[in-house]
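>>> Compute the structure for the input listed below.
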Amino acid sequence: MIPWTVPVLLEEAGLKDAYREFYPDVLNYPGFTYPSDNPAKPAEKITWAPKADERDRIDYIWYYPEKGLKVKDAAVFGPKGSIVRSQRVQETSKDQFIEPLGVWPTDHKGVWITFQYSAE
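Residues are numbered from 1 along each chain as shown. Predicted coordinates for the structure are as follows:
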């Protein structure tokens, strides 16, 4: 995982990464959102670094931790398929996926978060 500048700045400002709050175990729940597979395109057209495993979680939902607000559920929104070294692979992590009904139109997957708020 790469410590991208913007997520580091958001964490330093006190915001929370909703996915990582729900799934702190990075090894079992990496939450990769890039690169997403699209079977309608050749694998080498989807990836930036065809000889690498460039999977990363680069899509986030950030929130400010308020009293009574908590992450109730989290999932990756998109196909289980990814591209690794120009090959199509199915993710084998414990991540929960909300898979599309048709062809996924982009090289990024999304993050789906359900929040719960209770006024105390």
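
>>> and the residue nearest to residue 10 when sequence neighbours are not counted, what does it touch?
The spatial neighbour of residue 10 that comes closest, neighbours along the chain excluded (Cβ to Cβ, 6 or more residues apart in numbering), is residue 62 at 5.3 Å. Where C-beta positions appear, they are placed from N, C-alpha and C, glycine not excepted. Going by Cβ atoms under 8 Å, 6 or more residues apart in numbering, residue 62 touches 10, 15-18.

>>> Which ones among those lie within strands?
Of these, the ones assigned to strands by DSSP state E are 16-17.

>>> Can you select the buried ones among the contacts of residue 62 for me in PyMOL?
Provided next is the PyMOL selection string for whichever of the contacts of residue 62 are buried by 16 or more other Cβ atoms under 10 Å:
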select buried, resi 10+16+17+18
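
>>> Tabulate the contacts of residue 62 (JSON lines), appending pLDDT.
What follows is the contacts of residue 62, written out as JSON lines (pLDDT from 0 to 100):
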{"residue": "10", "pLDDT": "96"}
{"residue": "15", "pLDDT": "97"}
{"residue": "16", "pLDDT": "97"}
{"residue": "17", "pLDDT": "97"}
{"residue": "18", "pLDDT": "98"}
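
>>> of the contacts of residue 62, closest to residue 50?
Proximity of the contacts of residue 62 to residue 50 (Cβ to Cβ) peaks at residue 17, which lies at 28.9 Å.

>>> Show the contacting residues for residue 91.
Contacts of residue 91 by Cβ under 8 Å, 6+ apart are 32, 80-82, 97.

>>> try 7 Å
32, 80, 82 (Cβ atoms under 7 Å, 6 or more residues apart in numbering).

>>> got the residues you listed as a markdown table, with pLDDT columns?
Formatted as a markdown table, the contacts of residue 91 follow (pLDDT from 0 to 100):
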| residue | pLDDT |
| --- | --- |
| 32 | 97 |
| 80 | 96 |
| 82 | 95 |
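
>>> Out of those residues, which sit inside strands?
residue 82.

>>> For stretch 105-120, which residues meet the burial criterion?
107, 109-113.

>>> Could you dump the contacts of residue 62 into a markdown table with distance to residue 92 added?
Shown next, in a markdown table, are the contacts of residue 62 (distance: Cβ to Cβ, whole Å):
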| residue | distance to residue 92 |
| --- | --- |
| 10 | 29 |
| 15 | 30 |
| 16 | 27 |
| 17 | 23 |
| 18 | 23 |
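
>>> I am finished for the moment; much appreciated.
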